[in-house]
Every structure is written in structure tokens, then in C-alpha cells.
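[1] Sequence isn't available, so here's the structure alone:
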């Protein structure tokens, strides 16, 4: 089987996906018109051109501008549904989705509006397509911890809809230690914890996330390889890394995909997964990330199989469901041989 076809067909999970980062230009323009929202773009083409940027802050500027168009429950429902339809088309069986409530509540949108729209889309997609999902609420690390604590309190009535809390946005200068208290409170409330670390920030941030935030997973983690002791600890504890190749390229974390540390991570024995991060902005969903990194690093079908298995191993699925999905990956590989 041609490796491109193998990538397209293999069952997989996606564990690092920001729902606000799936806002395709066509949908943004549609919702802006429906809500009579003022945006500086006159066409879908102008929006698409604005998606060209050179660093994380430039990306965040356009990301937050786009998110500012989302005001109604219908908007969040439509955004989430569009992503899930795409995910299903790429044989994603399970997705754990980040959302950033502070991006919306900070401009006057009710927390309930955001989560009700997203949750309804998750339920409907589960019924329509059979896709399994989980929702992870992220705190914005470039805002102070008191705001994160307020957001956590707003989320508590929706505890049954949220599997974990995370930490995202501008990493440099915003270490995990800044959020130790709110993560402690979240764990006490029964949430799992994850955090972005080691993307633009140093390996030290990854260690802080492990030791202070007690995370079960590191999102990105590129710079963990700069610290051998940290890398060995991640391997020993089987802490997954949710790697995002096209994101790393577009945000200049790497200059070329051929320089991406994924192969070195795999050779060291790290539990790495491939994900799309903010696919509308970074040039591809999960299959495009698999394909691009496969070409750049000359990955084999066995490598792809390992990464797909890792994606379920690293998930927060219940063990029985996880075993069934892993069996589907094994069966796909067997049928492909």
C-alpha cells in the first residue's frame, strides 16, 4: 500500500486541537456576516492572506481577532461541527479538544454560551458519526492566575462536560509556576491536567509543568530533548507529548520540517503523537501533518502505525474503550500488509 493511503486510512486519535484554531476563512466570513460583526477583511481571500504570519504573537493576533466574531451558541456549535466532520473524514476515531473560555468571557460572552454550543456539537457528532470526544478547558497563560481561578469556578457546574484543564497561549515569559494554585484547585475538583510546554519556552517549563502542575501530558514538548534527565523522566513515566509538526514550522519553532525532533523523540522512546494544533491557520489537519512529517523525515508505515497506536495510548479514554480502538489500529495494519 502507498504510504499516503496508509496514512489516510489508519484509525487515529487527535489530542492537541484548539477549536478556535479550526476557524476556516469561509466559515469566519459567513458568521461575521450573520452576526453583523465588523471585521477588516472584505473577502474570504483577504482572510486567507491574513493567515500568513511569522511567529507565535502574529498568529495569536489574528487568532483572537477571528475568535472575536464568535458570539452566539450557534457559532460555537457550527465551528465545532465543521471540525468534527473534517476529523471523521480523516479517520479520527477520538478527539480531545481544547477550548479557551477566557477568549470569549473576556469580551462579555457567557461561559454557558461557549460550552453549550460546543457540547451540543460533540453530542450530535457522536450520534451521527460515532466519533468519541473529550473537552479540555485551557487557561490563557499571558493573563494572571486570578482570572484563571475565576474561569475555573465558572467551569465547576459543567464538571461532567470537561475532562481536563490545560495551559496555552504565549509561552515565553509565562512559566507554568505562575499557575500552580489554580491547577492544584482543578485537581482537587477532579480534573486531569495538561499544559503546553517546551514549544517556544525552555525545557525548564516542561519540568515545572510536571512537578508543579502535575500534568498527565505535555503539549508540544520539543525542547524537552535539551535536558537528558528530563527526557529520561518523561520516558520512565510514559508522559505523552502531543507534537504538532506544521504548527512548529509555521511558527518558526523549526526552520524546516527536516529539522523536526520527532524522529529523535521516537528513537529515544518518548510517547509522541501527531496532531494539528490550529489547522485552519497552519496549513493542515491531522492527516496533512502525518503526511508532511512522513515525507520530511522518511518515516515508514511501521512508524505511522506506532504513532497511531500512541495517539490512543496517550488519550484519556477509559481502558476498555481504548483497547477496542487500539484493536482497530492493529486490524487496519494487518489488512494493509
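    On my side now, so go ahead. Because the structure is predicted, anything quoted here is derived from the model rather than measured.
[2] and residue 264, how many neighbours?
    13 (other Cβ atoms under 10 Å). Quick note: C-beta positions are derived from backbone N, CA and C, even for glycine.
[3] is it fair to say it lies in a helix?
    Yes. The assignment for residue 264 (DSSP: H, G, I helix; E, B strand; the rest coil) places it in a helix.
[4] which residues sit in contact with the closest residue to it other than its chain neighbours?
    Of all residues not flanking residue 264 in the chain, residue 225 sits nearest, at 6.3 Å (Cβ to Cβ, 6 or more residues apart in numbering). By Cβ atoms under 8 Å, 6 or more residues apart in numbering, the contact set of residue 225 is 203, 231, 261, 264, 265, 268.
[5] Neighbour count says what about the residues you listed? Which are buried?
    When the contacts of residue 225 are checked for burial by 16 or more other Cβ atoms under 10 Å, the buried set is 203, 231, 261, 265, 268.
[6] Isn't the first one up against residue 230?
    Yes. Counting by Cβ atoms under 8 Å, residue 203 touches residue 230, with 5.4 Å between them.
[7] hey, what's in contact with both of the two?
    residue 224.
[8] Contact partners for the nearest residue to residue 50 once chain neighbours are set aside?
    Closest residue to residue 50 apart from its sequence neighbours, by Cβ to Cβ, 6+ apart: residue 62 at 5.5 Å. Contacts for residue 62 were tallied using Cβ under 8 Å, 6+ apart; they are 50, 51, 53, 281.
[9] please redo it, this time with the cut-off set to 10 Å
    Applying Cβ atoms under 10 Å, 6 or more residues apart in numbering, one finds that residue 62 lies in contact with 23, 47, 50, 51, 52, 53, 281.
[10] ranges for the strands of the chain?
    12-18, 92-99, 132-140, 164-168, 192-197, 217-220, 241-243, 272-274 (DSSP state E).
[11] who does the fifth one pair up with?
    Based on DSSP bridges, the strands next to strand 192-197 in the sheet, each with its direction, are strand 164-168 (parallel), strand 217-220 (parallel).
[12] Please work out which of those is packed deepest.
    Ranked by mean neighbour count, those are led by strand 217-220 with a mean of 27 (mean count of other Cβ atoms under 10 Å).
[13] where's it relative to the chain centroid, distance-wise?
    Centroid separation between strand 217-220 and its chain, computed with Cα atoms, centre = their mean, to the nearest Å, is 9 Å.
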